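Student: here's my sequence, what's the structure:
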Amino acid sequence: MANTLSRSLHDVGLAAWFGGTLANAVALNAAASEAGSDKATGAVANAGWDRWTPVNAAAIGAHLIGSIGQLAGNKDRVAQQQGVGGMSTVKTLLTAAALGVTAYSRVLGKIVSDNGATPSKRGTKASKAAKGEVAAAQAKLDQLQWAIPAITGALVVVSSYAGEQQRPAEVRRGIAEKNSSL
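Tutor: Numbering: from 1, shown residues only. As a prediction, this is how the structure comes out:
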């Protein structure tokens, strides 16, 4: 049975989640430092991340809907093919980790964004003028900006492995191995 819609939602959503957060960490945060002043840097970084947030939420939603569809469409393989259940568990754990880090990063980003044009050296690097909760949030964001692309990149790799497990020869081998271990 074809799972084109769920596979597309899964893959496109994950691609946007991974690619968007990587691009923002690599380009937006650094480019914001060219805004002319620490206050302008903060304003540009906040505007960019605030614009990305609804797109990212849609991408994550598409990925999750697609993931559920893929799991439902492959439930027999998960039960019958050696290794598919373990791979599905790894994907679920990575997805949960990526969701957790993304949610925490958004909470921190909201603290920074709600403070207005927070003085920054670059998107996630507080200037000496930034104080207290905002500076602490920026420091955490500076570390976390790489965690989301790392975790979602790992999801891309595991998803590639999952695709390899669907090759007919792999399905036959995995079912034979599962049956021989019973």
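Student: ranges for the strands of the protein?
Tutor: 120-122, 125-126 (DSSP state E).
Student: tell me which of the ones you listed is the most buried.
Tutor: When you average the neighbours per residue for each of these (mean count of other Cβ atoms under 10 Å), strand 120-122 leads with a mean of 23. The way it works is simple: take the backbone N, C-alpha and C, and place the C-beta from them, glycine included.
Student: any chance of the strands of the chain in CSV, with mean pLDDT and distance to residue 89 too?
Tutor: Rendered in CSV, the data for the strands of the chain read as follows (pLDDT from 0 to 100; distance: least, Cβ to Cβ, whole Å):
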stretch, mean pLDDT, distance to residue 89
strand 120-122, 72, 38
strand 125-126, 71, 37
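Student: kindly reformat those as TSV containing distance to residue 134.
Tutor: Compiled in TSV, the strands of the chain are given as follows (distance: least, Cβ to Cβ, whole Å):
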stretch	distance to residue 134
strand 120-122	10
strand 125-126	7
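Student: for these, which one sits closest to residue 53?
Tutor: Between residue 53 and the strands of the chain, the shortest separation by Cβ to Cβ is 17.8 Å, and it involves strand 120-122.
Student: helices and strands around the closest one, which ones?
Tutor: Applying 3 or more Cβ pairs under 8 Å, 6 or more residues apart in numbering; DSSP states H and E, one finds that strand 120-122 makes contact with helix 38-73.
Student: the helix it packs on: which residues count as buried?
Tutor: Under the neighbour-count criterion of 16 or more other Cβ atoms under 10 Å, helix 38-73 has 38-46, 48-49, 52, 56, 59-60, 62-64, 66-67, 69-71 buried.
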